[in-house]
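Asker: Requesting a structural model of the entry that follows:
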Amino acid sequence: MVRRAGRGVANQDVMNTARASPVATIPGEGGLPKIVAVAADGARIEVYLHGAQLTAWQPAAGDERLYLSPRSRFAPGMPIRGGIPLCFPQFADQGPLPMHGFVRECEWAPIFAGRSPTGAAEVRLRLDDSPRTRVAWPHAFTCELVATAAGNDLTVTLRVGNPGSAPFAFTGALHTYLRVRDVRSTVIEGLAPARYRDKRLRIDDAAETAPALALTDPLDRVYHTVPSELRVREPHRSLVVRASGSTDTVIWNPGPPSGPGPHDLPDDGYLAMLCVEAAIARSPLTVDPGTTHALAQQLTALPLPPARPTGSGATRPRS
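Answerer: Numbering: from 1, shown residues only. This is a model prediction of the structure:
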């Protein structure tokens, strides 16, 4: 039986798994080390070694597209609220481990940071199992994060490897927090007619019928599908979401607080964020010895083109 692990699983013993590396880091919030990588075309990403968490992505032409809570805690052993947290080896509370597993609270080792041969900004980090992690989850594993950005695209890949002699199963997610101007005027296209589980309303099996899902109420759903393409549309811009290696798509927005909410999220923080996650949530996925599974998500920012002058007889195209 796996022992329940507390917050301490990500403390010093796990941090010691980060090996020496020539990759340059700079002090981030709370003094935690982070990496900033800039593509040849100006696309920019920031990644903390803590949790291998990508906290900022600015396309080459556009504004910041990830939400980071202004109340987020930047401290060893604590998760960062926003950006793209990595959930492994457990999604949410679906098991005996801490919420969303423990790797988001671990210090990862930097492997590479800079520009790829194509000029993209690229960051690679790695985490190996340790005696401390095996107390919480008794398996040998490797995790590698690869984040690349160029133009209007961001690709994030979590590679889970099994260097051991026995298979293991996991659930997990790329828990992406998108920045939106106002979630109440944001819709998601491409989910219908998928079936889903609504965790807030405690509905185990329902079918999505809305061609454009509006985010006017709190939402916490696990869709049992991976659409070839989702579109998050705002009045002034849109964003395309693609995923691979996942079995489910999670959509989450907490809505306005009806009681005590997360202390690391402002009461009005829900207005500026929307989580669209590539997940393995419904059923665990097995990784055999000597094999690797890649869970990936690609985001493409699509700003709307400017409207043509009034009286030109042309209509404004939609992205």
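Asker: gap between A150 and I45?
Answerer: Distance check for A150 against I45: by C-beta to C-beta, to the nearest Å, it reads 10 Å. C-beta here means a position set from N, CA and C on the backbone, and glycine is covered the same way.
Asker: The two: who's more crowded?
Answerer: I45 (27 against 21; other C-beta atoms under 10 Å).
Asker: So what are the sheet partners of the helix or strand that one falls within and their directions?
Answerer: Per DSSP states H and E, I45 falls inside strand 44-48. Strand 44-48 has the following strand partners under DSSP bridges: strand 33-38 (antiparallel), strand 53-58 (antiparallel).
Asker: Tell me how far the first one lies from the chain's centre.
Answerer: Right, the one you point to is strand 33-38. Offset of strand 33-38 from its chain centre (C-alpha atoms, centre = their mean, to the nearest Å): 17 Å.
Asker: show me where pLDDT drops low in the stretch 151-300 of the chain?
Answerer: Scanning the stretch 151-300 of the chain for pLDDT under 70 picks out 259-261.
Asker: Is V250 in a helix, a strand, or coil?
Answerer: Here V250 is strand, with the state taken from DSSP: H, G, I helix; E, B strand; the rest coil.
Asker: ok now do it, which residues does it touch?
Answerer: Going by C-beta atoms under 8 Å, 6 or more residues apart in numbering, V250 touches A173, H175, R221, V222, Y223, C275, V276, E277, A279, A281.
Asker: circling back: could you name every residue contacting both of A150 and I45?
Answerer: Joint contacts of A150 and I45 (C-beta under 8 Å, 6+ apart) are A121.
Asker: Contacts only, for P70.
Answerer: P266, G269.
Asker: Can you flag the buried ones in the contacts of V250?
Answerer: A173, H175, R221, V222, Y223, C275, V276, E277, A279, A281 (16 or more other C-beta atoms under 10 Å).
Asker: What backbone torsions are found at K199?
Answerer: Per-residue torsions, K199: phi -70, psi -30 (degrees, to the nearest 10).
Asker: what's near enough to touch L219?
Answerer: Counting by C-beta under 8 Å, 6+ apart, L219 touches R200, I251, W252, N253, G255.
Asker: separation between the closest residue to the third one other than its chain neighbours and G77?
Answerer: Yep, that's W252 we're talking about. Spatial nearest neighbour of W252, excluding adjacent residues (C-beta to C-beta, 6 or more residues apart in numbering): C275 at 4.1 Å. Distance, C275 to G77, by C-beta to C-beta: 23 Å.
Asker: what are the phi and psi values for P131?
Answerer: phi -50, psi -40.
Asker: neighbours around it, how many?
Answerer: Neighbour number of P131 under other C-beta under 10 Å is 10.
Asker: Read off the pLDDT value for A113.
Answerer: On pLDDT, A113 comes in at 97.
Asker: name the element it belongs to?
Answerer: strand 109-115.
Asker: Indicate each strand paired with that strand and its parallel or antiparallel sense.
Answerer: Here, using DSSP bridges, strand 109-115 pairs with strand 121-128 (antiparallel).
Asker: Alpha carbons of the strand it pairs with, as PDB, please.
Answerer: What follows is strand 121-128, C-alpha atoms only, in PDB (Å, rounded to 0.1, in the frame of the first residue of the first chain):
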ATOM      1  CA  ALA A 121      13.200  29.200 -27.300                       C
ATOM      2  CA  GLU A 122      13.700  25.900 -25.600                       C
ATOM      3  CA  VAL A 123      14.000  24.700 -22.000                       C
ATOM      4  CA  ARG A 124      14.500  21.100 -20.800                       C
ATOM      5  CA  LEU A 125      14.400  20.000 -17.200                       C
ATOM      6  CA  ARG A 126      14.600  16.500 -15.600                       C
ATOM      7  CA  LEU A 127      13.500  14.800 -12.300                       C
ATOM      8  CA  ASP A 128      14.500  11.300 -11.200                       C
END
